[in-house]
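>>> Here you go, sequence then predicted model.
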Amino acid sequence: MSQFVLGSPTTAAFNTWRATLSAACASLIGIGFARFAYTALLPAIIGAHWFSPATAAYLGAANLGGYLAGALGARVLARHAANVTILRTMMLVAVVAFFACAWPLSFVWFFAWRFASGFAGGVLMVTAAPSVLAHVPPSRRGIVSGAIFAGLGLGIAASGTLVPLLLRVGLGETWRGLGMLSLVLTAVAWRGWPDGSPVPTAASTTAHTRLAPVSPLALRSLYVEYALNAVALVPHMIFLVDYVARGLGKGLDAGANYWVLYGLGAIVGPLFVGHLADRIGFARALRVAYVAQLCAVLLPVLGLGMPALMVSSVVMGAFTPGIVPLVLGRVNELLAHHPARQKPAWSTATTSFATLQAGAAYGLSFLFAATSGNYSLLFIVGGTAMATGLLVNVTSARLALHFPGDTPNARRK
């Protein structure tokens, strides 16, 4: 019998949160450090002449390309290995990539290891949270998923505080320091993963008798919204520190300070939206997230000064990891009576997110180079994408009201 049986309150609570800690460590290493530490390192990499500004931006996008490959490959890996084995291996891949990046032997070498760290992050994103949430009652999934992805925010905040301290020792030492910390976190997570079968919920037990219909429109629109949201996140995610440090001429320390604000938002964001979703539902919480991001991503363009940029940094930081538990929760909500379809649907959502995020990263890097560093244009592209995502959300909701029978079962009648 699995140690995650929910009928044993004391043991269940302890083991559930132990598993949550493991998943939080995975998001912290695979995405929090592997992706977002690079944003804080970007000006230093350019300043140390490891790579030119345009090349360094492309190397940042390499991680997102790997993330896409990882999201696509996670299901293939699941056919050949147990979840626990996959999770442990991918965390180790991310650790090795940190140490490898301490030596910029060539563009190809650095690109390959940035890609590998992104691949590990993509697999961890698809696999880690669902492996834990399968053992959590639906009423608590918002806050638990928020706690899992708060690990991502901790990585962002740590990269903004830890990276500048490590850079005083040296750029190579910074990469090795991140590798050592990630190795410790991997050890912490090693034995915390659930190894039993998910506990049946009311929804999953009734699924064998009478399945509720699922609207394909709702799922497909969610995939599109999530993908467009990915585009909106890219300007802050890749260029925020460089925008403050070089674009506004404030220097690396000021850029790091704004990255700390971004990270603080990322820490509280998943917990806040998880709690909000538990109270008002994932569908409404998603729309709140879209509106907030639309306003925040455009603030740097409006020329309202540093206070507005601070607000923009915190809000976009909050929803960088915060949007993830909302979409994951919405997928599970839509497929509550089809538990076997939840993980494939989440994999599809993650793939759509990764596809447009990687495309936007490469596209905006090209646009940045082609316009000789026009930062405002990057934020405008992000705002346009978020406005489109909000429009898709509102339109699909209205279509669902007018055509409630848009389900597989209804069309067969």
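Received, thanks.

>>> Buried ones in stretch 254-274, by neighbour count?
255-274 (16 or more other CB atoms under 10 Å). Yep, even glycine has a C-beta here, placed from its N, CA and C like the rest.

>>> Of those residues, which belong to helices?
255-274 (DSSP state H).

>>> downstream neighbour of the helix or strand hosting Phe98 in the secondary structure list?
Here Phe98, judged by DSSP states H and E, is contained in helix 83-100. Sequence order places helix 107-133 as the next helix or strand after helix 83-100, per DSSP H and E.

>>> which other helices and strands contact that following helix?
helix 9-27, helix 53-78, helix 83-100, helix 141-167, helix 306-334, helix 339-370 (3 or more CB pairs under 8 Å, 6 or more residues apart in numbering; DSSP states H and E).

>>> Thr39 sits in which helix or strand?
Short version: Thr39 belongs to helix 36-47, going by DSSP H and E.

>>> Can you list the neighbours in contact with that helix?
51-53, 56-57, 59-60, 63, 114, 152, 155-156, 159-160, 163-164, 167, 171, 174, 178, 237-242, 245-246, 252, 255-256, 259, 263 (CB atoms under 8 Å, 6 or more residues apart in numbering).

>>> quick revisit: possible to save the helices and strands packed on helix 107-133 as a markdown table with mean neighbour count?
Putting those into a markdown table (neighbours: other CB atoms under 10 Å) gives the following:
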| stretch | mean neighbour count |
| --- | --- |
| helix 9-27 | 20 |
| helix 53-78 | 22 |
| helix 83-100 | 21 |
| helix 141-167 | 24 |
| helix 306-334 | 23 |
| helix 339-370 | 20 |
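
>>> Can you lay out those as JSON lines showing distance to Ala227?
Compiled in JSON lines, the helices and strands packed on helix 107-133 are given as follows (distance: least, CB to CB, whole Å):
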{"stretch": "helix 9-27", "distance to Ala227": "20"}
{"stretch": "helix 53-78", "distance to Ala227": "11"}
{"stretch": "helix 83-100", "distance to Ala227": "23"}
{"stretch": "helix 141-167", "distance to Ala227": "18"}
{"stretch": "helix 306-334", "distance to Ala227": "10"}
{"stretch": "helix 339-370", "distance to Ala227": "4"}
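
>>> weakest of the ones you listed by average pLDDT?
Mean pLDDT is lowest for helix 9-27 among these, at a mean of 72.

>>> Looking at the helices and strands packed on helix 107-133, spot the one closest to Ala134.
With distances scored as CB to CB, the stretch of these nearest to Ala134 is helix 339-370 (7.9 Å).

>>> Determine the set of other helices and strands touching the closest one.
helix 53-78, helix 107-133, helix 216-242, helix 306-334, helix 375-402.

>>> export the ones you listed to JSON lines and tack on distance to Phe33?
Converted to JSON lines, these look like this (distance: least, CB to CB, whole Å):
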{"stretch": "helix 53-78", "distance to Phe33": "11"}
{"stretch": "helix 107-133", "distance to Phe33": "9"}
{"stretch": "helix 216-242", "distance to Phe33": "14"}
{"stretch": "helix 306-334", "distance to Phe33": "13"}
{"stretch": "helix 375-402", "distance to Phe33": "23"}
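
>>> For Leu185, find the nearest of these.
Here helix 107-133 is closest among the helices and strands packed on helix 339-370 (CB to CB), at 12.0 Å.

>>> Compute the inter-axis angle for the closest one and helix 83-100.
150 degrees (axes from the mean of the first three to the mean of the last three CA atoms, to 10 degrees).

>>> From here on, call the first residue 21.
Got it, the first residue is 21 from now on, which makes the last one we talked about helix 127-153.

>>> For helix 127-153, which residues meet the burial criterion?
In helix 127-153, counting by 16+ other CB under 10 Å, buried: 130-131, 133-153.

>>> before we move on, the earlier item: ok, which of the helices and strands packed on helix 127-153 comes nearest Ala54?
helix 103-120 (5.1 Å).

>>> quick one: contacts of that closest one?
Under CB under 8 Å, 6+ apart, the answer for helix 103-120 is 42, 45-46, 49-50, 53-54, 90, 94, 97-98, 101, 129, 133-134, 136-137, 139-141, 143-144, 147-148, 151, 195-196, 198-199, 202-203, 205-206, 209-210, 213, 215.
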